[in-house]
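Asker: Take a look and give me a structure for this.
(one chain, ligands or ions: 1)
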Amino acid sequence: MTEELLYAGKAKSIYRSDSPDELIVVFRDDITAFDGGKKDVLAGKGEYNARVSARLFELLEAAGVPTHLLAVEGPGRMRVRWLTMIPLEVIVRNIAAGSLVRNYPFEEGSRLDPPLIVIDYKDDTRHDPMLNDEIVLALRLATQAELDELKALALRVNEVLNGVFADLGILLVDFKIEFGRDAGGRIRLGDEISMDSMRLWDGETRESLDKDVYRFAKGDVLSTYARVADRILGDE
Ligand code: 5GP
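Answerer: This is a model prediction of the structure:
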């Protein structure tokens, strides 16, 4: 049976499943940066990201964060609940890096306490501009109650992931998550949480263990992803 492709993003494809409320997400081996300006294919990358994402979603569900994950269906494939996605990139930052230090006078590597939440508008053609609550409300992207819930969930995700990475000797510098509404209108974490969407530094050396290795040609991307996946997944 040929599956019906519903949507192809830069690194994942979404297919219709045998159930109307469920979708199949395929994590592809494509890797892109700078709004698609840099592109490559790295055999095996999709599987690493799918496995890490699934593990982190499972840990988050267990900690009370509703996610879209239903099941892992073979290498690089996940069965998920159908969500109507909210076009917001919710970013949590524990340590100043990336666009925060490019755009504001923060010193790279300084601790942000309490963590910062930044919300960007998910639109590559506009380079994902930063939003504030007033713009979100004026564009009717979410209600104030939903925004409050997204922020509370994002901080909870941060707590859980900080615990996971602290145990592995990895610093969770920042990460980006996306949310959607399920058939009952409930907000759930969707998309992925992987080495493509988190900024991770080795706790000792502060070496990058994430997509910055690809963005800034800091080393071998695939072996970095493999090492991080092994650390997160343990003896799975
Ligand atoms: P920054 O704003 O510093 O570029 O990114 C902050 C964090 O959010 C980083 O961990 C980065 O990987 C993630 N992030 C921001 N925008 C995107 C995006 O469009 N796609 C993905 N996969 N991650 C993003």
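Asker: name the element Leu222 belongs to?
Answerer: Under DSSP states H and E, the secondary-structure element containing Leu222 is helix 221-233.
Asker: near the ligand, anything from that helix?
Answerer: No: with CB under 6 Å from any ligand atom as the criterion, the ligand is not reached by helix 221-233; the gap is at least 13.1 Å. All C-beta spots, glycine's among them, are computed from the backbone N, C-alpha and C.
Asker: All further residue positions should be reported with the first residue as 14.
Answerer: Renumbered: residue one is now 14, and that last one reads helix 234-246.
Asker: Would you mind listing the buried residues in that helix?
Answerer: Within helix 234-246, the residues that qualify as buried by neighbour count (16 or more other CB atoms under 10 Å) are Val234, Leu235, Thr237, Tyr238, Ala239, Val241, Ala242, Arg244, Ile245.
Asker: So which elements touch the top helix by length along the chain?
Answerer: In terms of residue count, the longest helix belonging to the chain (DSSP state H) is helix 157-180. Packed against helix 157-180, as judged by 3 or more CB pairs under 8 Å, 6 or more residues apart in numbering; DSSP states H and E, are the following elements: helix 58-75, strand 101-108, strand 124-134, helix 146-151, strand 183-190, strand 200-202.
Asker: Show me how far that helix is from its chain's centre.
Answerer: 12 Å (CA atoms, centre = their mean, to the nearest Å).
Asker: so Gly182 makes contact with Asp215?
Answerer: Yes: applying CB atoms under 8 Å, one finds Gly182 in contact with Asp215, separated by 7.2 Å.
Asker: list the buried ones in the helix or strand hosting Val114?
Answerer: Secondary structure assignment for Val114, by DSSP H and E: helix 112-116. For helix 112-116, the buried set under the neighbour-count rule, 16+ other CB under 10 Å, comprises Leu113.
Asker: and that helix, does that touch the ligand?
Answerer: Yes: using CB under 6 Å from any ligand atom, helix 112-116 reaches the ligand at Ser112, Leu113.
Asker: And the buried residues of helix 234-246, which is closest to Ala63?
Answerer: Proximity to Ala63 was ranked across the buried residues of helix 234-246 by CB to CB; first place goes to Ala242, at 9.7 Å.
Asker: excluding its backbone neighbours, what's nearest that closest one?
Answerer: With CB to CB, 6 or more residues apart in numbering as the measure, Tyr61 is the residue that lies nearest to Ala242, at 4.4 Å, once sequence neighbours are left out.
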